[in-house]
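A.B. asks: take this sequence and fold it.
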Amino acid sequence: MKRIMFLGQKKLGEKCFEYLLNNHSKEFDIIAAVSNKSKNVWWRSNEIFDKTRNTNIHFIDNEKQNEDDIYECILHNKINTIISVQHCWILSEKILKTVDGNAFNLHNAKLPKYKGNNIFTHIILNGEKKHTSTIHFMHKHVDMGDILLERSISVHENDTSKSLFDKAQKNAENLFELFIKKLKTKNKFSGLQIKEEGFFYKRDSLIGLREIKNLSDFNEVDKKSRAFFFNPFEPAFFIINKKKFYVLPESSFIK
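C.D. replies: Residues are numbered from 1 along each chain as shown. I've put the predicted structure just below:
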């Protein structure tokens, strides 16, 4: 039996955790969950914590890294599988070895091209025509483990980062469901090795990009207005006489 520790947060992590709970079987058992206990986060939800209450699932708050708590929980509860969906901390090699490498991550972007943060904004700024969700082995270096599964969707010319985010969420949920079905029937996985370094987008990778420098440049106005439309975050803007004016895409008003 696979004894699972689930690490995740945000809406995608919550949806995937819910799917695990609803599809419990004799092949696996959810032993522990690591997520946010507080609702003081931009997605304003702590559903994973809430769903573990009044259960036997051990909960670890991810407000800080909690490497020691995770390690002790794995040893004490004989956990042999880790599943991560938008977990906010990198796991050490020590943790990964404890489960004999049976640690899997759902990264909602193409690897190794889009590692890290702010992916949906960068995809639109880069003019990509396709978005890919990826499930891969976890590695001591972020987003570098062998690729197990991929699933892609189209990026349309009117997509904003928010509309692409919504579509990609559903695509990633479908990929996760496929992975869990395989997890139930397979004891060992083999993946496609990532041979390129790719690119890692840091948390601060959007600094300095929101400002529209040339209002007469349609391509700049169009891309930035769509790329930075994602409430509750600041949209694209231009500055005249030291005053800031925000720019929203037409598609953001179309229901």
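A.B. asks: from Glu211, how far out is the residue nearest in space to the middle of the chain?
C.D. replies: Centroid-nearest residue in the chain: Gln86, 3.7 Å away (criterion: CA atoms, centre = their mean). Distance from Gln86 to Glu211, counting by CB to CB, to the nearest Å: 28 Å. Where C-beta positions appear, they are placed from N, C-alpha and C, glycine not excepted.
A.B. asks: cool, Asn62 as well?
C.D. replies: The gap separating Asn62 from Glu211 is 33 Å, by CB to CB.
A.B. asks: with neighbour numbers in mind, choose between these two.
C.D. replies: Neighbours per residue, other CB atoms under 10 Å: of Asn62 and Glu211, the larger number sits with Asn62, 23 against 12.
A.B. asks: spatially, what comes nearest to that one if we skip its sequence neighbours?
C.D. replies: Excluding the flanking residues, the one nearest Asn62 by CB to CB, 6 or more residues apart in numbering is Val34, at 5.3 Å.
A.B. asks: check the gap between the one you found and Asn219 for me.
C.D. replies: To Asn219, Val34 is 42 Å away according to CB to CB.
A.B. asks: if you count what's nearby, which of these two comes out ahead?
C.D. replies: Taking other CB under 10 Å, Val34 and Asn219 do not tie; Val34 has more neighbours (27 against 9).
A.B. asks: name the SS class of the more buried one, please.
C.D. replies: At Val34 the chain is in strand, as set by DSSP: H, G, I helix; E, B strand; the rest coil.
A.B. asks: bridged to it, which residues?
C.D. replies: Counting by DSSP bridges, Val34 is bridged to Leu7, Ile60.
A.B. asks: that one reaches Tyr71, doesn't it?
C.D. replies: No - with contact defined as CB atoms under 8 Å, Val34 does not count as touching Tyr71 (11.7 Å).
A.B. asks: the helices in this structure, which residues?
C.D. replies: For the chain, applying DSSP state H gives helices covering 10-22, 47-52, 67-76, 93-98, 119-125, 161-185, 218-227.
A.B. asks: which one of those is the most hemmed in?
C.D. replies: Mean neighbour count (mean count of other CB atoms under 10 Å) peaks for helix 119-125 among the helices of the chain, with a mean of 23.
A.B. asks: what mean pLDDT does that one have?
C.D. replies: Average pLDDT, helix 119-125: 97.
A.B. asks: same deal with stretch 147-166?
C.D. replies: 95.
A.B. asks: how about stretch 2-18?
C.D. replies: The predicted model gives stretch 2-18 an average pLDDT of 95.
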